[in-house]
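A.B. asks: heads up, no residue letters with this:
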């Protein structure tokens, strides 16, 4: 009854035998051991578990691992390259875009995808683009500032 | 003279968080770890007639199933209440309710399943068969008193305690002397769910050979949890029990308390001799995390035609839920009615409260804890009063301010405010908000047929509780001091162990700034160690906006001791008297007055302390100093906020267009972090005003157990907040700081509520209960 699932995560191929009901979030966290992807609500409201599946932002708590079989996933651990933070990670640090840090990986994955889709996103568009990401600490103000900084950094 | 304190230094902790390397409890994966899931009551009130766990136990992958009696027989004690006001009755609460007893809220725990995976453990929960005798639920902070439904046999009127403060005859005389008495009858302060983004979790590992237990828990205060586990609930002695709160994903009060899972998880880990982990689902967290607020109050405020407030009388029923959570009785008593006079001089004040029991999740501190309840009731009533006498809401508040030259100011309700300048605060608010311009904007919008409103609030907080002897006199079972150990290593690097705990507040940076300035070293030469009872001195943790004013003060005191010891060593080695030496806190060295070239660097003195080759006679080697700092008073941060809203006539939707905040939190160590706290707090406060409600139906079924139902504030609901500060340093702590963590939350709820009420006042609506949803507003303006 278990399925063999192969998912490339941050460039590394992982093959595991999993129950068909195994969530992608659980595959990433429990089977592969990459715990940067946090689970905050189980119902795809909060976005803490956001990862990129084949380049698209996806809430990994609401996708089955078998659905992601054969795909290429990027998690927060795969964002920094060659010891250099991704522009969105750097902006979160620079703008104090995080406090407890729990929603942060999902926020960074969502914003990096949003800015890829809409490189000139306005402040208003950024706020609406964060509809699916909940932060309880920051009041969003510095998250929006971080997104704006990243927008500038990525357009250069 | 400071070089780091006062600067917006980027946070030292952030590189790990932005790269997904936070060490949250749920991330733990120990070899052999088993997974715990808990069977929760689906009923608000029921007798547990029988439990059959055999089918669950037989499921492949299930290791064991335990019920309440197993834990009681295994030595687990009742959960204690840590705040016992006079004449309190504390209802019995077990980690798992045993057969024959009752479940008293949806989410009360029935049984525990341990399995090889979390999925199997969850499956097994469904195989546990429980026979209930369902009972009617007693609900409503006030209604429960007369419901006739007995929740705990020893509390026939569902009342745990009464509490009162103030001078009733003076309050009555003040009301009689008033030209108008404003009354808000049965004013509701909403039930809220803290909803830290990280659900609670616990993991435990038992060492059979040494009989030592390690518990990882999502707690704001690991030492108090260890003490309660040792002394009351688990029985493992403190020296054999290590409690670790690693990175914690937000708390907002909900992670202060001692929870059943902190008993169940280590008890099972020892019983099975296997590491065990429990992680709450969001729904589980929503039904078992202690919740916030939930008051029903009637407030009367007397006011003269010239705006003078003559008296405040408030009578409150505070819903404490089904059991008393660890600090529940503190919140609606000493943290609530003592703040009832706000920023104002009021001759007659009286407040009374009843802590009541209902078939709902326990209620305890939630960001602000008592102080938002006081501020909301008072500032709503003052707003109604201003409208009644047709006076500008800021002018009315100014009329009653405690003057700046009267601090320290003894209020008639026990507290002594340390410092403040409320006119300066509001001057700044009027300046940054262009208050006159804002009024003109509102009036122009009204003239154009819109519903526009301005809401003003003046707020006070008592932060950094409290002198320990005062806490004891008020019912506290603990003291409220804080500890610091400053360990200077031989190479001149520093580890600072603090009893405060950071779950988002940025202590690893702000505290490092304080340490660095105390010693004259770099911010990267010091690391802050917190959250592990095996690494830090006994500490009280973080809540009540206490970390910097109490924990930071302990750091300053430890720093003084380190400097004094360094001066002794330097005096000996430089052959000078100590009084001729200067500790240069800019550059981290000791030099001879008038001969600065005769000096010893910080690193040299640290090394000398450890080689001990050349120390003054009688001086112990080493360089490690400790301080336990007990605050002389609370600190009293204060704030002036203003909100501008427009309400859509057709839909009742509130459009929050502008929000300005001025806060006086005393001196500031890291302005970036403080602004983050203020803005984050404001959004939580607005959440209560406009969106959030932990709702129960008439049977006590919670209606908001997921984020699909509980309306969490989202980014697109808000404009940019404009925030500023004024500074009146606290005179009684060495940093001159006041709490900054809760001011935003306290002020924002009434600011936005007042703005909405101002917007719809022209339609003859005086008051609507929170949250001010489009439906409620639409019904009110359409008189439905």
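C.D. replies: Done, it's in. This one's a predicted model, so the numbers in the text were calculated from it and none came from an experiment. Residues are numbered from 1 along each chain as shown, chains lettered A, B, ... in the order given.
A.B. asks: could you list every residue that touches the residue of chain A positioned farthest from its centre?
C.D. replies: Checked against the mean C-alpha position of chain A, the extreme residue using CA atoms, centre = their mean is residue A:1, at a distance of 29.9 Å. The neighbours of residue A:1, taking CB atoms under 8 Å, 6 or more residues apart in numbering or on different chains as the test, are A:19, A:20. All C-beta atoms are positioned from the backbone trio N, CA, C, and that covers glycine.
A.B. asks: pLDDT score for it?
C.D. replies: Listed pLDDT for residue A:1 reads 81.
A.B. asks: roughly how far apart are it and residue A:20?
C.D. replies: As judged by CB to CB, to the nearest Å, residue A:1 and residue A:20 stand 7 Å apart.
A.B. asks: Check residue B:499 too.
C.D. replies: For residue B:499, the distance to residue A:20 equals 48 Å [CB to CB].
A.B. asks: Neighbour count: these two, which is higher?
C.D. replies: Neighbours per residue (other CB atoms under 10 Å in any protein chain shown) separate residue B:499 from residue A:20, with residue B:499 holding more: 29 against 12.
A.B. asks: pretty sure that one contacts residue B:224?
C.D. replies: No. In this structure, residue B:499 is not within contact of residue B:224 by CB atoms under 8 Å, at 9.8 Å.
A.B. asks: Quickly list what's touching both of these two.
C.D. replies: Taking CB under 8 Å, 6+ apart as the contact criterion, the residues that touch both residue B:499 and residue B:224 are B:540, B:541.
A.B. asks: which SS class is the residue in chain A positioned nearest to chain B?
C.D. replies: Nearest to chain B in chain A, going by CB to the nearest CB, is residue A:36, at a distance of 1.9 Å. Assigned by DSSP: H, G, I helix; E, B strand; the rest coil, the conformation of residue A:36 is coil.
A.B. asks: and the nearest residue to it once chain neighbours are set aside, what helix or strand is that in?
C.D. replies: Once its chain neighbours are removed from consideration, residue A:36 has its nearest residue in residue B:20; the separation is 1.9 Å (CB to CB, 6 or more residues apart in numbering or on different chains). Assigned by DSSP states H and E, residue B:20 falls within no helix or strand.
A.B. asks: okay, now the domains of the chain?
C.D. replies: In the absence of a named chain, chain A is used. Residue ranges of the domains in chain A are recorded as A:3-76, A:87-155, according to automatic domain parsing.
A.B. asks: Chain B, not that one
C.D. replies: Using automatic domain parsing, the domain ranges for chain B come out as B:14-135+B:198-249+B:255-288, B:161-193+B:290-465+B:633-781, B:481-629.
A.B. asks: Quick check: which of those has the most neighbours on average?
C.D. replies: Comparing those by mean neighbour count (mean count of other CB atoms under 10 Å in any protein chain shown), domain B:161-193+B:290-465+B:633-781 ranks first with a mean of 22.
A.B. asks: Below-threshold pLDDT in the stretch 651-784 of chain B: ranges please.
C.D. replies: Of all residues in the stretch 651-784 of chain B, none has pLDDT under 70.
A.B. asks: which residue ranges form the strands in it?
C.D. replies: Taking DSSP state E, counting those that start in this stretch as the criterion, the stretch 651-784 of chain B carries its strands at B:654-664, B:722-725.
A.B. asks: Which residues of the stretch 501-650 of chain B lie near chain A?
C.D. replies: Proximity of the stretch 501-650 of chain B to chain A (CB under 8 Å from any CB of the partner chain) is limited to residues B:503, B:504, B:505, B:506.
A.B. asks: if we go to 6 Å?
C.D. replies: Near chain A, the residues belonging to the stretch 501-650 of chain B are B:503, B:504 when assessed by CB under 6 Å from any CB of the partner chain.
A.B. asks: what bits of the stretch 501-650 of chain B have low per-residue confidence?
C.D. replies: When the per-residue scores of the stretch 501-650 of chain B are filtered using pLDDT under 70, no range remains.
A.B. asks: now whichever residue of it sits closest to chain A, what's its secondary structure?
C.D. replies: Using CB to the nearest CB, the single residue of the stretch 501-650 of chain B nearest to chain A is residue B:504, 3.4 Å away. When the structure is split into helix, strand and coil by three-state DSSP, residue B:504 lands in coil.
A.B. asks: tell me which parts of chain A are close to chain B?
C.D. replies: Of all the residues in chain A, those in contact range of chain B (CB under 6 Å from any CB) are A:35-36, A:40-43, A:45-46, A:76-77, A:80, A:89, A:92-93, A:96, A:98-105, A:127-128, A:130, A:134, A:136-141.
A.B. asks: Of those, just the buried ones, ChimeraX syntax please.
C.D. replies: Typed into ChimeraX, the line below selects the buried ones among the residues of chain A next to chain B, using 16 or more other CB atoms under 10 Å in any protein chain shown:
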select /A:35,36,40,41,42,43,45,46,76,77,80,89,92,93,96,98,99,100,101,102,103,104,105,127,130,134,136,137,138,139,140,141
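A.B. asks: Nearest residue to the residue in the stretch 101-250 of chain B that chain A sits nearest to in space, please, no chain neighbours.
C.D. replies: Going by CB to the nearest CB, chain A is nearest to residue B:249 of the stretch 101-250 of chain B, at 3.0 Å. Distances taken as CB to CB, 6+ apart put residue B:198 closest to residue B:249, at 2.5 Å, once the chain neighbours are dropped.
A.B. asks: Tell me who's in contact with the one you found.
C.D. replies: Counting by CB atoms under 6 Å, 6 or more residues apart in numbering or on different chains, residue B:198 touches A:102, B:24, B:249.
A.B. asks: Show me the helices in the stretch 51-200 of chain B, by range?
C.D. replies: Using DSSP state H, counting those that start in this stretch, the helices of the stretch 51-200 of chain B run over residues B:54-58, B:68-73, B:118-125, B:168-177.
A.B. asks: So which residues make contact with stretch A:12-29?
C.D. replies: Outside of stretch A:12-29, the residues within contact range by CB under 6 Å, 6+ apart are A:2-7, A:31-32, A:34-35, A:37, A:39, A:49, A:60-61, A:63, A:65-66, A:68.
A.B. asks: ok, now with 8 Å
C.D. replies: The contact list for stretch A:12-29 (CB under 8 Å, 6+ apart) reads A:1-9, A:31-32, A:34-35, A:37, A:39, A:49, A:51, A:53, A:58, A:60-68, A:73, A:75, B:27, B:119.
A.B. asks: could you give the mean pLDDT of that stretch?
C.D. replies: The model assigns stretch A:12-29 a mean pLDDT of 98.
A.B. asks: quick one: the helices in chain A?
C.D. replies: Counting by DSSP state H, one finds helices in chain A at the ranges A:24-26, A:87-94, A:104-117, A:123-129, A:141-155.
A.B. asks: Residue B:34: which of these is closest?
C.D. replies: Distance to residue B:34, taken as CB to CB, is lowest for helix A:24-26 among the helices of chain A, at 16.4 Å.
A.B. asks: any idea how far the residue farthest from the centre of chain A lies from residue A:22?
C.D. replies: Counting by CB to CB, the gap between residue A:1 and residue A:22 amounts to 12 Å.
A.B. asks: Tell me where the stretch 451-600 of chain B has strands.
C.D. replies: B:451-460, B:482-488, B:494-498, B:526-529, B:581-584, B:589-592, B:595-601.
A.B. asks: Can you get me a residue count around the closest residue to residue B:150 other than its chain neighbours?
C.D. replies: For residue B:150, the nearest residue in space outside its immediate sequence neighbours is residue B:156; the separation is 5.7 Å by CB to CB, 6+ apart. Residues contacting residue B:156 under the criterion other CB under 10 Å number 11.
A.B. asks: Good, wrapping up.
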